[in-house]
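Colleague: Please find the sequence and the predicted model below.
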Amino acid sequence: MLSRMRSPGPWRRRHLGTDADRATFRTLHSASLASPALRAGLTADSAGKAIRHLRALLGTPALALTDTHELLAWDGTGDHHAGQVDRLARETVERGATRVVVRDDLPCDEGSCPVRTAVVTPLVADERIVGTLQVFSPSHTAGLARAAEEVASWVSGQLDLAELDASRTRAMEAEVRALRAQISPHFIYNSLGAIASFVRTDPDRARELLLEFADFTRYSFRSHGDYTTLAEELRSVERYLLLEQARFGDRLQVTLRIAPEVLPVAVPFLCVQPLVENAVRHGLAGSASVGHISIHAQDRGHECVIEVEDDGIGEDPEKVRRALAGDAASDSVGLGNVDSRLRNAYGDEFGLVVETAPGAGTKVTVRVPKFAPGVHA
Amino acid sequence: MSIEDAAPGVIAVSVVAIATLAIGTWGLRLSRTTSDFFVASRTVNPRLNASAIGGEYLSAASFLGVAGLLLTFGAEMLWYPIGWTAGYLVLLALVAAPLRRSGAYTLPDFAEARLGSAGVRATCSVLVVAIAWLYLLPQFQGAGLTLRSAVGAPTWVGPLVVGMVVLVNIGSGGMRSITFVQAFQYWLKLTALLLPAAVLLAVWAGDGAPAAAGGAVDLAEWSMPLADGGGGRGLYLTYSLILATFLGTMGLPHVVVRFYTNPDGPAARRTTLVVLGLLGIFYVLPPVYGALGRVYADELASSGRSDVLVLELPRLMVGGPLGDVLTGLVTAGAFAAFLSTSSGLSIAVAGVLGQDVFDRAFGRRLTGVAAFRIGGVVAVVVPLLIALALPNVGVARAVGLAFAVAASTFCPLLVLGIWWRRLTDVGAVTGLAVGFVGSGSAVLWAMTSRSTGGWAVLLEQPAAWSVPLAFATMVLASLLTADRVPVHTRRFMARLHAPETLHLDRSSS
């Protein structure tokens, strides 16, 4: 659609469509040019890009876009009026409705200046006034006021869509953040407690553990990139396990078996660590006995397979199913989150596989393709 | 052949087959506890990775074919080992680091990431399978020759044995690109060629360093490249061979897969450098066998059985138990060559077939592992059947043709894809198709026809015209479809060429 509109030439030559049709095409074309900028939200940058096309839509000598209190962009003649725009914007935002400004409110020293009257319309996004559209012309007509209102409501629609895009992105970011926030307060408290217990007896070890703790938190709270290499992720898991071992001592036994070939594979950030945390919790829960945890990463041709297994109390499969379906009440929120992020990244066939039964331990399997379009560590 | 004669061969083949399966199944399965496990120190280092590449790369053609060709055709055949080594120089200079930075695991992956087109991906998948099958063919044939020479078995036994071992490997999930196994195979092959060569040279010196008897061949002609006055024809064949081997290496499916194991671009370069050294050392040896064969095994050349020179020479020169041991050693090396190369290739083909063909076979979605296994069976059985049906294509010649196809298809795609911004999907597919049809027709001709001379020389070694043709087609078709340059090209190029130390945001494409 857009690309065809860019070359209206042939249509005119072949006399396709009446004048009215062509006017419609022109209008739609201007609108389509303005919309990409507006989809980024209302900023000085986006307003500057869109305002030329909006003025073409309205066919007025001058046009201004403001946010709720100051000018964002001005297009057209008579920019000595730009200083008056801020006041008009604030008044309109207070009243919350379109108003027509007559000559007396727009003092001007230049006789030939075409800016005599203005129509100021609020822009609404997400049911909130976010700015104004100000249309300047030599004289005000009912038609112009109507056109200004229509354009303003179209712009508002675009801004609504921008808001929707932004909130979708925010929701996805929040999901990852939520997972980071899950580095449980208990873990921090217990780790620091365990480290404290070494400070007098074994200061060197205490210092090492503290450094591990610092590195662990730095990795977990890092803010850039959705993907990391399996090597990085496993290094963080390693630190986590060191800290847990400082606390549990010989009660926690860990086996790692990692094929070196899969270490450079790109995986979603924090896709293994929550599983290990789960395994530690289940493996050692409620009993004073020893818990074994094993982590395997294997090379399977185009895929890398990571298994996290514990020999703890296991869980009711129904509960796991609910956790994977996104039931936040479950205590395995980490599982559901990892599962949905894997599915988002690689498609539904790459979800988590959980094998468990009460009293039989738990094994969680992650499959990650070595290459997926758009995925880089 | 008597039982005593067959014993060393049987023992050698069994030991290699069992050792390969055993290392694949149990090797590197040492469990660690966190206290002594450090992930960072365990990434595959360039030296190990290079040995693995060498192990996978040195095939039947290198182990048996080169010496045989030298024996028969003389010094100009030295271009084969030179080209197979120099291919890595081109790979090092043009492709290694950017390919690793692209994050692609296979050639179809690279094509898809670079050009954003499913059509290019499908074309590349077809080509990967074609090249790998063409390359598997001589491996199976070499196995047949080896078993016949070492054990006296019929020629169809060798391909079956290798095929079965590879199938078991794929089915059980053993050996699957396990770096350590392939690295072991390189050193086995080197030892298996180096030790006997040293002994044989000592024997030759002990005999008073006799000169070759000459026989049916003019020795001055034999030791001078192009001395037979072949004129334009010999020159053309030589240049064509050089082009095919120099540029074909980068297009071999099992070579590219190995580069993924490097953690970053610089490691990929270092790996390639070590590979150059390892291959250089190895390729000194086949000419030694070729030259000694001229002295001691003239009748192999005249009877057309030159491919078994390496296997038979120890017995011809040294009798008794020492001869048996040396024969066992070279047989073991040859068998390791078939196994490692066929495994690497079959796994590459199984991966492509599993991912792009059998993913949705039989009307339902297969799991990754099931698709991979079905792919593996097809990957092994098809070339096996062809090898049994066409037992008489020369080992080194067939590999040379596989290189010609790779050089005419994937070389332009990789070089232009990495170094030229204006490549388009249409250009890539057209170029690949032209290169494949050109070099493929030559392959078909070589397999079915025996005539030489005249214009047929162009089909005997197609690379000299098919590679430039493929490049030209790709460039022209891309320029004609300039509006189809993928939008993400600049971003992708920046990622390919920016050193890792720059800390670009590489997270989105």
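Modeller: Arrived safely.
Colleague: what packs against the host helix or strand of B:Ala472?
Modeller: Per DSSP states H and E, B:Ala472 falls inside helix B:463-480. Helix B:463-480 sits against helix B:232-248, helix B:395-419, helix B:425-448, with contacts defined as 3 or more CB pairs under 8 Å, 6 or more residues apart in numbering or on different chains; DSSP states H and E. In this view, the C-beta of every residue, glycine as well, is placed from N, C-alpha and C.
Colleague: helices and strands around the helix or strand following the shortest one, which ones?
Modeller: Right, helix B:232-248. Going down the chain from helix B:232-248, the next helix or strand is helix B:253-259, by DSSP H and E. Here helix B:253-259 touches helix B:46-57, helix B:96-102, helix B:107-115, helix B:118-151, helix B:320-356, going by 3+ CB pairs under 8 Å, 6+ apart.
Colleague: try 6 Å
Modeller: helix B:320-356 (3 or more CB pairs under 6 Å, 6 or more residues apart in numbering or on different chains; DSSP states H and E).
Colleague: and the helix it packs on, how far out from the chain's middle?
Modeller: Relative to its chain's centre, helix B:320-356 lies at 11 Å (CA atoms, centre = their mean, to the nearest Å).
Colleague: related to what we said a few turns ago, looking at the helices and strands packed on helix B:463-480, which is nearest to B:Ala498?
Modeller: Minimum separation from B:Ala498 across these (CB to CB) falls at helix B:395-419, 13.0 Å.
Colleague: one step back: hey, C-alpha coordinates of the helix holding B:Ala472 in CSV?
Modeller: Taking Å, rounded to 0.1, in the frame of the first residue of the first chain, the C-alpha atoms of helix B:463-480 are listed here in CSV:
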residue,chain,number,x,y,z
ALA,B,463,36.5,-25.7,-11.5
ALA,B,464,38.4,-23.4,-13.7
TRP,B,465,35.3,-22.3,-15.5
SER,B,466,32.5,-23.2,-13.1
VAL,B,467,33.9,-21.2,-10.2
PRO,B,468,34.3,-17.9,-12.1
LEU,B,469,30.9,-18.5,-13.7
ALA,B,470,29.2,-19.0,-10.4
PHE,B,471,30.9,-15.8,-9.0
ALA,B,472,29.9,-13.8,-12.1
THR,B,473,26.3,-15.1,-12.0
MET,B,474,25.9,-14.3,-8.3
VAL,B,475,27.3,-10.8,-8.7
LEU,B,476,25.2,-10.0,-11.8
ALA,B,477,22.0,-11.5,-10.5
SER,B,478,22.5,-9.5,-7.3
LEU,B,479,23.1,-6.3,-9.1
LEU,B,480,20.0,-6.9,-11.2
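Colleague: which regions of the stretch 151-300 of chain A lie under the pLDDT threshold?
Modeller: Within the stretch 151-300 of chain A, the ranges that satisfy pLDDT under 70 run A:172-173, A:175-183, A:223, A:286-288.
Colleague: Chain B contacts on that one?
Modeller: Contact residues (CB under 6 Å from any CB of the partner chain) of the stretch 151-300 of chain A with chain B: A:225-226, A:231, A:234-235, A:238, A:241, A:254-257, A:260-261, A:263-264, A:299.
Colleague: Let's see that with 8 Å instead.
Modeller: Neighbours of chain B within the stretch 151-300 of chain A, by CB under 8 Å from any CB of the partner chain: A:224-227, A:229, A:231, A:234-235, A:238, A:241-242, A:245, A:253-261, A:263-264, A:266, A:298-300.
Colleague: For PyMOL, write the selection for the buried entries among those residues.
Modeller: Filtering those down to the buried ones (16 or more other CB atoms under 10 Å in any protein chain shown) takes a single PyMOL command:
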select buried, chain A and resi 226+227+229+231+234+235+238+241+242+245+253+254+256+257+258+259+260+261+263+264+266+298+299+300
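Colleague: mind listing which of the residues of the stretch 151-300 of chain A next to chain B are in helices?
Modeller: Mapping those onto helices (DSSP state H) picks out A:Ala231, A:Leu234, A:Arg235, A:Glu238, A:Leu241, A:Leu242, A:Gln245.
Colleague: Can you give me the distance of the last one to B:Ala93?
Modeller: Separation of A:Gln245 from B:Ala93 (CB to CB, to the nearest Å): 48 Å.
Colleague: Same question for the fourth one.
Modeller: From A:Glu238 across to B:Ala93, the span is 38 Å (CB to CB).
Colleague: Which positions in stretch B:341-361 come out as buried?
Modeller: Those would be B:341-359, for stretch B:341-361 by 16+ other CB under 10 Å.
Colleague: sorry, that was for stretch B:44-58
Modeller: B:44-46, B:48-58.
Colleague: Check the offset of it from the chain's centre.
Modeller: Offset of stretch B:44-58 from its chain centre (CA atoms, centre = their mean): 13 Å.
Colleague: pLDDT averaged over it - what is it?
Modeller: Average pLDDT, stretch B:44-58: 88.
Colleague: do stretch B:439-447 as well
Modeller: Here stretch B:439-447 scores 80 as its mean pLDDT.
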